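Participant: Structure, please.
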Amino acid sequence: MDQASITDQEFALFQRLIYRLAGINLADSKKILLVGRLQRRLRERQLGSFGDYYRLVSSGQHPDEQQTMVDLLTTNETYFFREARHFDFLRDEILGSQRPRRSFRVWSAASSSGEEAYSVAMLLAEVLPNTPWEVFGSDISTQVLARARNACYPVNRNEGIPEACRRKYCLPGEGGDEGTFRIAPRIRQQVRFAQVNLTLPISPAVGSFDVILVRNVMIYFDTATKRKVVANLLPRLLPGGHFIVGHSESLNGITDQLSAVRPTVYRKPE
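Facilitator: Predicted coordinates for the structure are as follows:
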């Protein structure tokens with residue numbers, strides 16, 4: 001099955017569907033990507049066309065297949081301590097010499113396979129040895145969340161982790177897991193993962209946070225979706241809390257409820 005097997009009209013239907021489900025703007029240039037990622041599903045479902053597959057996933061009668069499609073079409077590039085300046089800011093400016101007296105909570109709101117959430121957790125374990133803390137990681141993809149909970153990564157993925165953290169919090173894989181490392185239990189037990197669609201209203205049950213990181217995901221959203229996502233997240237940010245986006249992102253024109261601290265770092269008034 002090649003690219004010609006999907007018509008422009010069928011591709012437009014998938015563009016609208018993934019926008020409705022996940023808020024993602026799938027550019028016209030992504031037709032080859034969509035075909036490459038979904039054609040195996042057509043074979044496994046024994047479907048003859050992308051039109052047949054669209055009817056299957058849009059019917060509402062196959063939520064598992066719909067989730068599989070979302071998993072396949074979402075981008076999940078990430079690595080440990082990505083955009084290191086944000087971790088420096090968390091350590092030096094947000095925590096600084098003022099240690100919180102209560103539990104400190106951070107939300108990694110587009111955590112993909114868990115590298116960002118575990119990076120934050122390692123930093124908090126270092127900086128807050130005597131203060132309760134928790135990291136909440138979420139993503140729309142159940143596939144990457146399963147990898148995050150497993151907390152096992154190829155050894156060549158540990159390059160960004162500071163040496164001190166690598167020694168303390170990364171355990172070498174054993175047996176069939178040679179060539180991998182696993183995040184230590186004392187870090188894993190303070191990191192919780194759950195599926196969250198940021199374009200939908202967020203349950204108060206997730207709690208409130210001192211820091212929310214929404215990095216390198218809003219580049220896939222249009223302005224209306226960005227406004228919706230930020231509006232959904234802000235009630236979960238504590239007064240005085242920080243909201244951090246990716247280095248190629250900005251909240252200019254998106255919200256007036258946050259003050260810019262520096263590029264990509266914002267603060268909610270107290």
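
Participant: Adjacent strands (with direction) for the helix or strand hosting Val211?
Facilitator: Taking DSSP states H and E as the criterion, Val211 maps to strand 209-214. Paired with strand 209-214 in the same sheet, following DSSP bridges, are strand 104-108 (parallel), strand 237-245 (parallel).

Participant: any residues touching the following helix or strand past that strand, and which ones?
Facilitator: The helix or strand immediately downstream of strand 209-214 is helix 223-233, counting by DSSP H and E. Residues from elsewhere that reach helix 223-233 (C-beta atoms under 8 Å, 6 or more residues apart in numbering): 19, 23, 25, 109, 198-202, 212, 214, 218, 221, 243, 251, 253-255. Using the backbone N, CA and C atoms, a C-beta is placed for each residue, glycine as well.

Participant: re the thing from before, return the angle between stretch directions for the strand holding Val211 and helix 223-233.
Facilitator: Compare the direction of strand 209-214 with that of helix 223-233 by axes from the mean of the first three to the mean of the last three C-alpha atoms, to 10 degrees and you get 160 degrees.

Participant: deepest of the strands paired with strand 209-214, which one?
Facilitator: strand 104-108 (a mean of 25; mean count of other C-beta atoms under 10 Å).

Participant: starting at the chain centroid, how far to that strand?
Facilitator: How far strand 104-108 lies from its chain's middle: 13 Å, per C-alpha atoms, centre = their mean, to the nearest Å.

Participant: ok, Asn216 touching Ile244?
Facilitator: No. Judged on C-beta atoms under 8 Å, Asn216 makes no contact with Ile244 at a distance of 10.8 Å.

Participant: Report the mean confidence score over the helix or strand where Arg20 lies.
Facilitator: Element membership for Arg20 (DSSP H and E) is helix 8-22. The predicted model assigns helix 8-22 a mean pLDDT of 92.

Participant: Pull out the buried residues from the contacts of helix 223-233.
Facilitator: 19, 23, 109, 198-199, 202, 212, 214, 218, 221, 243, 251, 254-255 (16 or more other C-beta atoms under 10 Å).

Participant: quick one, strands of the stretch 151-270 of the chain?
Facilitator: Here the stretch 151-270 of the chain has its strands, by DSSP state E, counting those that start in this stretch, at 152-154, 170-172, 180-183, 191-195, 209-214, 237-245, 259-262, 265-267.

Participant: For Thr7, which of those is the nearest?
Facilitator: strand 191-195 (32.0 Å; C-beta to C-beta).

Participant: what about Lys226, how many neighbours?
Facilitator: Lys226: 24 surrounding residues under other C-beta atoms under 10 Å.

Participant: residue ranges for the helices of the stretch 51-200 of the chain, please.
Facilitator: Ranges of helices in the stretch 51-200 of the chain, per DSSP state H, counting those that start in this stretch, are 63-73, 84-89, 115-127, 142-150, 163-169, 185-188.

Participant: and of these, who's closest to Lys268?
Facilitator: helix 84-89 (15.7 Å).

Participant: ok, now which ones touch Leu124?
Facilitator: Residues in contact with Leu124 (C-beta under 8 Å, 6+ apart) are 104, 106, 133, 135, 190.

Participant: With mean pLDDT and distance to Phe80 as new columns, can the strands of the stretch 151-270 of the chain be given to me in TSV?
Facilitator: Shown next, in TSV, are those (pLDDT from 0 to 100; distance: least, C-beta to C-beta, whole Å):
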stretch	mean pLDDT	distance to Phe80
strand 152-154	93	8
strand 170-172	91	9
strand 180-183	94	10
strand 191-195	97	13
strand 209-214	97	14
strand 237-245	96	16
strand 259-262	95	23
strand 265-267	97	20
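
Participant: Point out the most buried one among those strands.
Facilitator: Comparing these by mean count of other C-beta under 10 Å gives strand 209-214 as most buried, with a mean of 23.

Participant: Taking helix 115-127 as reference, get the angle to it.
Facilitator: Calculated by the same axes, to 10 degrees, strand 209-214 forms an angle of 150 degrees with helix 115-127.

Participant: Nice, that's everything, thank you.
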